[in-house]
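Participant: just need the structure, nothing else, for what follows:
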Amino acid sequence: MPPPLIAVIGPVETPLLQAWGEHYRALGVHEFRLALHIPEHAPAGTEQRLRDVLAHLGITPALVEHGPWHETTNSTLRDHLRANAGAGWQMIADSDEFHTFSAGLEETIGVAETEGHTVVRGLMLDRVTATGHLNGWCSPAPEATEEGPRDRLDAAYPLGGWITHRLLPADPRKIVLARSNVPISSGNHRAPGHHPAHGQVAVVHHFKWRNGIETDLRRRITHFASGTWSETTPAVRHEAARFLDHLAQNNGRIDTTDPTLAFRPVTLHDHPPTWQDEADQILTDWRPTHAETSPER
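Facilitator: Residues are numbered from 1 along each chain as shown. Below is the predicted model:
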């Protein structure tokens with residue numbers, strides 16, 4: 001039986017949530033344990049819009065919370081969902097993260113169990129447009145194309161590279177699968193005490209860099225700095241500031257030609273052939289580089 005998917009969903013675009021649900025259904029997920037978090041700046045009607053999208057996918061959220069987006073908000077909701085999801089393996093994902101595996105989901109879990117691992121790690125691969133512009137993405141009406149939402153998202157952001165740990169630099173590590181009794185740190189980045197040094201590494205296709213991200217990051221900086229939203233460390237707003245600086249230096253776009261960021265064509269359907277070796281090296285070498293970055297990040 002595939003594991004339940006644990007996720008906290010914010011006010012994301014309708015087509016992104018449709019593509020996300022379709023993607024995890026295609027992986028074999030049957031049970032979705034979701035919380036909706038609606039921050040104060042979300043437009044009126046956001047909760048109902050998200051509920052409608054999920055209902056179309058046959059999903060009912062287990063929790064709904066309205067209020068500030070404190071740095072601990074997602075972790076608190078996630079832990080509540082995990083505690084009520086039962087014993088066994090659980091998949092964890094954010095609403096802009098699309099996990100892929102070199103083998104099937106159940107085979108991946110089987111390998112982890114054979115090797116005595118209680119988690120499966122992932123590594124963020126940041127997806128962007130071909131030009132690096134922060135384009136809006138709108139899924140056409142179903143009758144307009146034979147492609148599904150997931151394929152259209154894939155085509156809209158055809159490049160994958162290393163924004164998270166080379167540009168920001170933030171923690172690119174993710175725990176994508178974990179046994180229910182394994183605690184997971186903020187942001188799903190680590191499971192302290194559970195580190196399979198040579199285990200499988202999933203691709204975490206990270207569709208964060210879309211239209212509206214500039215406004216979102218500026219809001220984070222303002223709200224965390226003012227105390228409107230509480231933070232654990234200044235890391236989140238410092239990372240946001242670095243991304244905004246990069247945009248300012250590149251006429252409002254991500255520099256997809258920068259060799260440091262190593263952008264290459266990727267899709268959700270094809271596992272990069274050199275992924276495991278590349279990911280192992282990054283996961284072995286990566287360490288927080290700034291004093292303000294929490295060890296848990």
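Participant: going forward, measure contacts and count neighbours with C-alpha atoms only.
Facilitator: OK.
Participant: so where does residue 219 fall, helix or strand?
Facilitator: helix 213-226 (DSSP states H and E).
Participant: which other helices and strands does that helix contact?
Facilitator: Helix 213-226 makes packing contacts with helix 235-249 when contacts are defined by 3 or more Cα pairs under 8 Å, 6 or more residues apart in numbering; DSSP states H and E.
Participant: related to what we said a few turns ago, what does the helix holding residue 219 contact?
Facilitator: Residues from elsewhere that reach helix 213-226 (Cα atoms under 8 Å, 6 or more residues apart in numbering): 134, 229-231, 234, 236-238, 240-241, 244.
Participant: how about a cut-off of 10 Å?
Facilitator: 41, 68-71, 134, 228-234, 236-241, 243-244, 247, 252 (Cα atoms under 10 Å, 6 or more residues apart in numbering).
Participant: of those residues, buried ones?
Facilitator: 68-71, 134, 229-231, 234, 236-241, 243-244, 247 (16 or more other Cα atoms under 10 Å).
Participant: same for the least confident helix or strand in the chain by mean pLDDT, what does it pack against?
Facilitator: Every helix and strand of the chain was ranked by mean pLDDT, DSSP states H and E. The lowest is helix 275-285, at a mean of 91. Helices and strands touching helix 275-285, by 3 or more Cα pairs under 10 Å, 6 or more residues apart in numbering; DSSP states H and E, are strand 119-128, strand 173-179, strand 201-206.
Participant: the shortest one: how far from the chain's middle?
Facilitator: If I follow you right, that is strand 201-206. Relative to its parent chain, strand 201-206 has a centroid offset of 9 Å by Cα atoms, centre = their mean, to the nearest Å.
Participant: what packs against that strand?
Facilitator: Against strand 201-206 (3+ Cα pairs under 10 Å, 6+ apart) you get strand 97-100, strand 119-128, strand 159-161, strand 173-179, helix 275-285.
Participant: mind listing what's buried along the least confident helix or strand of the chain?
Facilitator: 276, 279-280, 283.
Participant: mean confidence score for stretch 9-18?
Facilitator: Stretch 9-18 shows a mean pLDDT of 96.
Participant: now the helices and strands packed on strand 201-206 as CSV including distance to residue 261?
Facilitator: Shown next, in CSV, are the helices and strands packed on strand 201-206 (distance: least, Cα to Cα, whole Å):
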stretch, distance to residue 261
strand 97-100, 19
strand 119-128, 10
strand 159-161, 6
strand 173-179, 16
helix 275-285, 13
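Participant: nearest to residue 12, out of these?
Facilitator: Closest of these to residue 12 is strand 97-100, at 12.0 Å (criterion: Cα to Cα).
Participant: pLDDT of the closest one, averaged?
Facilitator: On average, strand 97-100 scores 98.
Participant: show me how far that strand is from its chain's centre.
Facilitator: On Cα atoms, centre = their mean, the centre of strand 97-100 falls 7 Å from the chain's centre.
Participant: ok, now stretch 35-45?
Facilitator: That offset, for stretch 35-45, works out to 19 Å (Cα atoms, centre = their mean).
Participant: ditto for stretch 63-75
Facilitator: 16 Å.
Participant: how far does it stretch from one end to the other?
Facilitator: 13 Å (Cα to Cα, to the nearest Å).
Participant: neighbouring contacts of it?
Facilitator: Residues contacting stretch 63-75 (Cα under 10 Å, 6+ apart): 7-10, 33-42, 47, 51, 77-78, 80-81, 94, 184-188, 220, 223-224, 227-233, 236.
Participant: and the residue lying closest to residue 96 once chain neighbours are set aside, how many neighbours does it have?
Facilitator: Nearest residue to residue 96, sequence neighbours excluded (Cα to Cα, 6 or more residues apart in numbering): residue 207, at 5.1 Å. The number of residues packed near residue 207 is 20, by other Cα atoms under 10 Å.
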